[in-house]
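Asker: any chance you could fold what I've pasted below:
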Amino acid sequence: MKLEQYLQEIEKFLQQYLIDAHAKGYVLGISGGIDSALVAALTVKAVGKDKLFALLMPIDSNESDLKDGLELCHQFDIDYKVIDLTSTFNLIKKQFAFGDNDNDKLALNNTKVRLRMVTLYAYAQSRNSLVLGTDNADEIHVGYFTKYGDGAADLTPIAELTKGEVFRAAELLGVTKTILSRTPTAGLFNGQTDEGELGVTYEELDRYLLGQKVSENAESRIKYLHRISEHKRSPIARPVKFDRD
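Answerer: Model prediction:
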């Protein structure tokens, strides 16, 4: 199946899921990045702009994130709301009183993502809508998402697309060149890039997922990331079944 055909399948999936759930529409967090941009474009094409509501939720973010996100909303005429969560995050940060070690820094960065998740679900419930996820196949395979953060969603339309396919699909659907040319980043701290954190390039990840040859170092790194993130993809762990007498 060609990419164009598969995009049509995603559109049908978005249409049918809304009907089956008896929901009025979808809520999507727009980050200014390529993944949320593609999900937005696909959703507008599938169910119409009137059934999509976008939230832009900066938390000490780069100005370009909000600028690019707003440009996308205007391009596809998507109804949106900007909610600056910086003060909320700073209050939580103060109350947590974490230290400055790597685990504490990671916990705080993930708190930013989980704050956005809470906001998305609050708005989705108030609108009788569903939350759209934006994780792609690469991110899911190596666990490059925050558990109960951006990993929390009612459906993940682009879960079967590699990062390269995400870029090609976004280009096909006319996503702005500004977003297409951005370096992929979660935007959680200055200088952060996806590939820098992963320790492997998206090109290598794509090749690995497509069954193509990659370097030994890349293969080892991908397998390691997949193994240690298995808990993110699995259902919540339970003990053995209670076999009552």
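Asker: only C-alpha atoms for contact and neighbour calcs from this point on.
Answerer: Fine.
Asker: what sits against D104?
Answerer: Residues near D104 by Cα atoms under 8 Å, 6 or more residues apart in numbering: F98.
Asker: try G33
Answerer: Taking Cα under 8 Å, 6+ apart, one finds 65, 68-69, 179, 182, 184-185 in contact with G33.
Asker: give me phi/psi at it?
Answerer: Here the main-chain torsion angles of G33 (degrees, to the nearest 10) amount to phi -100, psi 180.
Asker: ok, it to D60 distance?
Answerer: Here G33 is placed at a distance of 16 Å from D60 (Cα to Cα, to the nearest Å).
Asker: mind listing the helices for this structure?
Answerer: Assigned by DSSP state H, the chain shows helices spanning 3-20, 34-47, 63-75, 86-96, 102-126, 137-142, 163-172, 177-180, 194-198, 202-209, 216-228, 230-233.
Asker: most tightly surrounded among those?
Answerer: helix 34-47 (a mean of 23; mean count of other Cα atoms under 10 Å).
Asker: ok, and what's touching that one?
Answerer: Contacts for helix 34-47 (Cα under 8 Å, 6+ apart): 7, 10-12, 14-15, 28-30, 49, 51-52, 69, 72, 76, 132, 134-136, 157-158, 166-167, 169-170, 173, 175, 179-180, 182, 184.
Asker: burial measure for V240, as a count.
Answerer: Here the count is done by other Cα atoms under 10 Å, and V240 has 6 residues near it.
Asker: model confidence for it, exactly?
Answerer: pLDDT recorded at V240 is 94.
Asker: tell me who's in contact with D65.
Answerer: If you count contacts by Cα under 8 Å, 6+ apart, D65 has them with 31-33, 58, 187.
Asker: repeat that with 6 Å
Answerer: Residues counted as contacts of D65 (Cα atoms under 6 Å, 6 or more residues apart in numbering) are G32.
Asker: for M117, same thing?
Answerer: For M117, the contacting residues are G149, by Cα under 6 Å, 6+ apart.
Asker: what about the closest residue to E4 other than its chain neighbours, distance to I158?
Answerer: With sequence-adjacent residues excluded and distances taken as Cα to Cα, 6 or more residues apart in numbering, E4 is closest to A169, at 7.7 Å. Distance of A169 to I158, given as Cα to Cα: 10 Å.
Asker: re the thing from before, for the helices of the chain, which one sits closest to V240?
Answerer: Closest to V240 of the helices of the chain is helix 230-233 (Cα to Cα; 17.3 Å).
Asker: show the average pLDDT along that closest one.
Answerer: What helix 230-233 shows for mean pLDDT is 96.
Asker: with stretch 119-130 instead?
Answerer: Across stretch 119-130, pLDDT averages out at 98.
Asker: I figured G149 hits K112, correct?
Answerer: No. Contact between G149 and K112 fails when scored by Cα atoms under 6 Å: they sit 8.4 Å apart.
Asker: least confident of the helices of the chain, on average?
Answerer: When the helices of the chain are ranked by mean pLDDT, helix 194-198 comes last with a mean of 86.
Asker: residues in contact with that one: which ones?
Answerer: 184-185, 201.
Asker: off-centre distance for it?
Answerer: Centroid separation for helix 194-198 versus its chain: 15 Å, with Cα atoms, centre = their mean, to the nearest Å.
Asker: cheers, nothing more for now.
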